[in-house]
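A.B. asks: Sharing a model prediction with you, sequence too.
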Amino acid sequence: MNKKEEMKKIRDEIVSLKESPLYIYRIENTYFPVIGEGTHDAHIVFVGEAPGETEAKQARPFCGRSGKFLDEMLASINLDRGKVYITNLVKDRPQDNRDPSDEEIALYAPFLDRQLEIIKPSIVVMLGRHSMNYLFKRAGIEEKLQPISKMHGQLFEGDFGYGKVKLLPLYHPAVALYNGSMKKTLLEDFTTLAQFI
């Protein structure tokens, strides 16, 4: 199978994932799972936590208010959104935008693992603590985990099984929507990526 076919297989499995505790909520609200968006040959992959309402209605990651700020951050280093891949750890929207549960992360994370194996990025940017915590464990560097307030904007190195990968934890773009002073921090942290373009 080529990359496109492998990604389609993942999409089809998630669409029919009835064992998910979020499946009924998705059906009742006419939401869609959010699989990911971008090139399957991306050098850089962004991993958020879970879709918000706008994302679940449009089946696109980061297309709401947080997405507008992500676009602004990408533009700040002249990185074209079409040249990266953007996805989430959990592919369905949790009720009331709550944090994803451990059960939901355990259920959806293997899909993310497969996406990373297909794309084989050299840099993975984690947007928020849930994706950071999961991916540091997955990369075999769990011992380096600290609160995101101490780790944001720093590069780490791990291995997802296909080779060495740089990991860059960042605050989730949503924090800038609720706390204007965080916008400057996020934009500064984002400049770390500029060297890889």
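C.D. replies: All right, it came through fine. Numbering: from 1, shown residues only.
A.B. asks: Can you give the distance of the worst-scoring helix or strand of the chain on mean pLDDT from its chain's centre?
C.D. replies: Least confident helix or strand of the chain, by mean pLDDT, DSSP states H and E, is helix 174-178 with a mean of 89. In terms of Cα atoms, centre = their mean, to the nearest Å, the centre of helix 174-178 is found 16 Å from the chain centre.
A.B. asks: Just after that helix, pick out the following helix or strand.
C.D. replies: helix 181-190 (DSSP states H and E).
A.B. asks: Tell me which other helices or strands that next one touches.
C.D. replies: Judged by 3 or more Cβ pairs under 8 Å, 6 or more residues apart in numbering; DSSP states H and E, helix 181-190 is in contact with helix 65-76, strand 164-170, helix 174-178. For the C-beta atoms, the positions are set from N, CA and C on the backbone; glycine is no exception.
A.B. asks: among those, which is nearest residue 101?
C.D. replies: Within those, the stretch nearest residue 101 is helix 174-178; the backing value is 18.6 Å (Cβ to Cβ).
A.B. asks: what ranges do the helices span in the protein?
C.D. replies: For the chain, the helices defined by DSSP state H occupy 3-15, 23-28, 53-58, 65-76, 102-119, 129-138, 148-151, 174-178, 181-190.
A.B. asks: Put together TSV for those helices, with distance to residue 82 on each row.
C.D. replies: Converted to TSV, the helices of the chain look like this (distance: least, Cβ to Cβ, whole Å):
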stretch	distance to residue 82
helix 3-15	16
helix 23-28	27
helix 53-58	17
helix 65-76	10
helix 102-119	14
helix 129-138	22
helix 148-151	28
helix 174-178	23
helix 181-190	18
